[in-house]
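>>> coords please:
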Amino acid sequence: MNIAELNLTATVPLLFLAAWSCVLLLLGLWIPKHRIQVVGWLAFLGLLISIVLLVFNAPLESQEAFGGMLVFDGFALVVHVLLLLSSMLVILLSFHYIRIYEKNNSEFYSLLIFSLLGMMILAVAKNLIVVFLAIELLSIPLYVLVGLDRDGLWSRESALKYFLLGAFASAFQVYGIALVYGATQSTDFVSISLAIASQGSTPLMVSGLGLVLVGFCFKVGVVPFHMWTPDVYEGAPTVVTAFMSVGAKVAGFAGLVRVLFGAFEFLVSQWVMLVVVLVLFSTIVGNISAISQSSIKRLLAFSSVAHAGYLFVAMVAGGQGVVSDFAASAVLFYLIAYALANVGAWAIVIALESKNSVNIKDYAGLVKTNPGLAVAMTIFILSLTGLPPTMGFVAKFYVFRAAINLGYTWLVIASVITVLISAYYYLRVIVLMWMKDGNLVIKLPFSFNVVLVLTSIVTLIFGVFPTPIMLILENYIRGMF
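Residues are numbered from 1 along each chain as shown. Below is the predicted model:
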């Protein structure tokens, strides 16, 4: 492989992030524990520089690197910017968390960036080996972050559970990669696609694809690979949960779009029915399980399982040409909406958790004592439910339309019914905040308010004016799958 094939210019943002994380890890050894926010602000600066590098280094057309193992295009650019911006918001939330709980773990920021690096690599992977390595780079720092509260029993238990189940899922995935290689003699997406086009479907190939999907299903938390989600979301430090709930899902679905629409597009008749089953089980089990939850963290955890199901609705539109372009754009739009609402909702959970309020009933009367928090939480809940005038409503419309374009009207009807189920437990929180009495008063720092204002305003703006951003997404995606 020569220098031209490496194309290091395209990988500058990734290389910079890797180097920046190593520097932060070393700086954390020298900066006093009471000045840990300095490391946080440096991490924030590093992510901001990465966004600048991405924008100035954005390819006018698709570029490959490392001999075709990575591909940098408009799809990757959108995913990378979304991941970086979400991580920046989480860093702003971490300052409040560290101050309240006196957690002086400077390695938090280095681990966060290393995991973010794995997420970004997954979004540009064009080879199954790179997919596996990216998922491991994404996961291993997350295992440590989940157990970062070393004094907390729940945190340690969650980290162990997440690690064991994650290793189990990785074993399935690497076995699947081996089967796919055995069927096609390649792990490159283009070569796999050409081999399927010429040889057709084989039992070995289908088995390999199924096992590869297991690793992705675990990461995005769909049924039946979701049982870790409520326990880990509840036991992990809440600021870690906020990062994991958004980053892992965005990266996981970005990788799924690459794999299904890029490598296995000619096996659509085989994997589309599996995706339909995942949609039905995830939306039904996720929403019904959330109804009985008294903890807001477990409610949002089961909610994330249901949202993974809704995202899979767009994946059924995995045909070639314009249909898959719109489906990929719909997935990106949904991920943006989900990231905004989820980061905002978890921010409010962190705020109330600082007052030992983790039960849904603790949100009673929030509009009287903290009207700003109540209004913001209402916006986020409406978006997660899929009600206008929020971005979540438009996001669900797009993913449902992508499925209807291929004739899966019955699947959309079933998904809409589960949305009505979700309205029960979502709106229950709004009723408590607006119609009950409470006395919980919270004062938040400036950085925390910035996160809430930005996420709530953007959720409303894109909910009222979604067309421009959807057109931008379609222009970036067109012709890439």
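
>>> List the buried residues in stretch 20-27.
20-21, 24-25, 27 (16 or more other C-beta atoms under 10 Å). Just so you know, the C-beta spots here come from the backbone N, C-alpha and C atoms, and that holds for glycine as well.

>>> Tell me the one of these nearest Phe216?
Ser21 (24.6 Å; C-beta to C-beta).

>>> how about the nearest residue to the closest one, chain neighbours excluded?
Nearest non-adjacent residue to Ser21, counting by C-beta to C-beta, 6 or more residues apart in numbering: Ile113, 4.0 Å away.

>>> And for Gly372?
Leu452 (7.3 Å).

>>> residues contacting that neighbour?
By C-beta atoms under 8 Å, 6 or more residues apart in numbering, the contact set of Leu452 is 344, 347-348, 372-373, 376, 444.

>>> same thing but 10 Å
Residues counted as contacts of Leu452 (C-beta atoms under 10 Å, 6 or more residues apart in numbering) are 89, 93, 343-344, 347-348, 351, 372-373, 375-377, 379-380, 444.

>>> and if you look at Cys22?
Cys22 touches 110, 113-114, counting by C-beta under 10 Å, 6+ apart.

>>> From Ile288, how far off is it?
From Cys22 over to Ile288 the distance is 45 Å, taken as C-beta to C-beta, to the nearest Å.

>>> Could you do Met315 as well?
22 Å.

>>> right, and Ala351 touches Val358 too?
No: using C-beta atoms under 10 Å, Ala351 is not in contact with Val358, being 11.6 Å away.

>>> So for those two, which residues contact both of them?
Thr238.

>>> Neighbour count: the two, which is higher?
Ala351 (25 against 16; other C-beta atoms under 10 Å).

>>> now for the helix or strand containing that one, which elements pack on it?
Element membership for Ala351 (DSSP states H and E) is helix 322-353. Helices and strands touching helix 322-353, by 3 or more C-beta pairs under 10 Å, 6 or more residues apart in numbering; DSSP states H and E, are helix 74-101, helix 238-258, helix 296-315, helix 371-385, helix 391-404, helix 446-464, helix 467-477.

>>> got the angle between the fourth one and helix 446-464?
With axes from the mean of the first three to the mean of the last three C-alpha atoms, to 10 degrees as the criterion, the two stretches helix 371-385 and helix 446-464 enclose an angle of 40 degrees.

>>> And stretch 77-94, what's buried?
Buried residues in stretch 77-94 (16+ other C-beta under 10 Å): 77-94.

>>> rewinding a little: adding distance to Gln199 and mean pLDDT, write the helices and strands packed on helix 322-353 out as JSON lines.
Output for these, formatted as JSON lines (distance: least, C-beta to C-beta, whole Å; pLDDT from 0 to 100):
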{"stretch": "helix 74-101", "distance to Gln199": "28", "mean pLDDT": "85"}
{"stretch": "helix 238-258", "distance to Gln199": "22", "mean pLDDT": "89"}
{"stretch": "helix 296-315", "distance to Gln199": "24", "mean pLDDT": "87"}
{"stretch": "helix 371-385", "distance to Gln199": "43", "mean pLDDT": "89"}
{"stretch": "helix 391-404", "distance to Gln199": "29", "mean pLDDT": "87"}
{"stretch": "helix 446-464", "distance to Gln199": "44", "mean pLDDT": "89"}
{"stretch": "helix 467-477", "distance to Gln199": "28", "mean pLDDT": "80"}
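
>>> With Tyr175 as the reference, name the closest of these.
Short answer: helix 238-258, nearest of the helices and strands packed on helix 322-353 by C-beta to C-beta, at 17.6 Å.

>>> and that closest one with helix 296-315, angle?
10 degrees.

>>> looking only at pLDDT, what's the mean for stretch 52-69?
Regarding stretch 52-69, the rounded mean pLDDT is 77.

>>> Just the CA atoms from that stretch would do, formatted as PDB, please.
What follows is stretch 52-69, C-alpha atoms only, in PDB (Å, rounded to 0.1, in the frame of the first residue of the first chain):
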ATOM      1  CA  VAL A  52     -13.300  22.800  11.800                       C
ATOM      2  CA  LEU A  53     -10.900  20.200  10.300                       C
ATOM      3  CA  LEU A  54     -13.900  18.200   9.000                       C
ATOM      4  CA  VAL A  55     -15.500  21.300   7.400                       C
ATOM      5  CA  PHE A  56     -12.400  22.500   5.800                       C
ATOM      6  CA  ASN A  57     -11.400  19.000   4.800                       C
ATOM      7  CA  ALA A  58     -14.800  18.000   3.500                       C
ATOM      8  CA  PRO A  59     -14.500  16.100   0.200                       C
ATOM      9  CA  LEU A  60     -16.300  17.400  -2.800                       C
ATOM     10  CA  GLU A  61     -16.800  13.800  -3.800                       C
ATOM     11  CA  SER A  62     -16.300  10.400  -2.200                       C
ATOM     12  CA  GLN A  63     -12.700   9.700  -1.100                       C
ATOM     13  CA  GLU A  64     -11.200   6.400   0.000                       C
ATOM     14  CA  ALA A  65      -8.300   5.900   2.400                       C
ATOM     15  CA  PHE A  66      -6.100   3.000   3.600                       C
ATOM     16  CA  GLY A  67      -6.500   1.100   0.300                       C
ATOM     17  CA  GLY A  68     -10.300   1.400   0.200                       C
ATOM     18  CA  MET A  69     -10.900   0.300   3.800                       C
END
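
>>> Check which residues of it are buried.
53-54, 58-59, 63-66, 68-69.

>>> If we only consider these, which is nearest to Val429?
Leu54 (36.1 Å).

>>> isn't that closest one right up against Pro13?
Yes: using C-beta under 10 Å, Leu54 makes contact with Pro13 at a distance of 5.0 Å.

>>> which residues do those two both contact?
Looking at what touches both Leu54 and Pro13 (by C-beta under 10 Å, 6+ apart), the common residues are 72, 77, 80, 84, 120.

>>> Looking at those, which two lie furthest apart in space?
Taking C-beta to C-beta as the measure, the shared contacts of Leu54 and Pro13 have their most distant pair in Phe72 and Leu84, spaced 14.7 Å apart.

>>> Find the helix or strand that the closest residue to Glu64 other than its chain neighbours is a member of.
Leaving aside its sequence neighbours, Glu64 sits nearest to Val71 (C-beta to C-beta, 6+ apart; 5.3 Å). Assigned by DSSP H and E, Val71 belongs to strand 70-72.

>>> So which other helices or strands are in contact with that strand?
So strand 70-72, by 3+ C-beta pairs under 10 Å, 6+ apart, packs with helix 12-30, strand 63-65, helix 107-124.

>>> Could you identify which of those has the lowest mean pLDDT?
strand 63-65 (a mean of 78).

>>> helices or strands up against that strand?
Secondary-structure packing of strand 63-65 (3+ C-beta pairs under 10 Å, 6+ apart): helix 3-6, strand 70-72, helix 107-124.

>>> Any chance of JSON lines for those, columns mean neighbour count and distance to Gly40?
Converted to JSON lines, the helices and strands packed on strand 63-65 look like this (neighbours: other C-beta atoms under 10 Å; distance: least, C-beta to C-beta, whole Å):
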{"stretch": "helix 3-6", "mean neighbour count": "10", "distance to Gly40": "33"}
{"stretch": "strand 70-72", "mean neighbour count": "24", "distance to Gly40": "29"}
{"stretch": "helix 107-124", "mean neighbour count": "25", "distance to Gly40": "6"}
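
>>> Rebuild those as TSV, extending it with distance to Leu278.
Output for the helices and strands packed on strand 63-65, formatted as TSV (distance: least, C-beta to C-beta, whole Å):
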stretch	distance to Leu278
helix 3-6	37
strand 70-72	26
helix 107-124	19
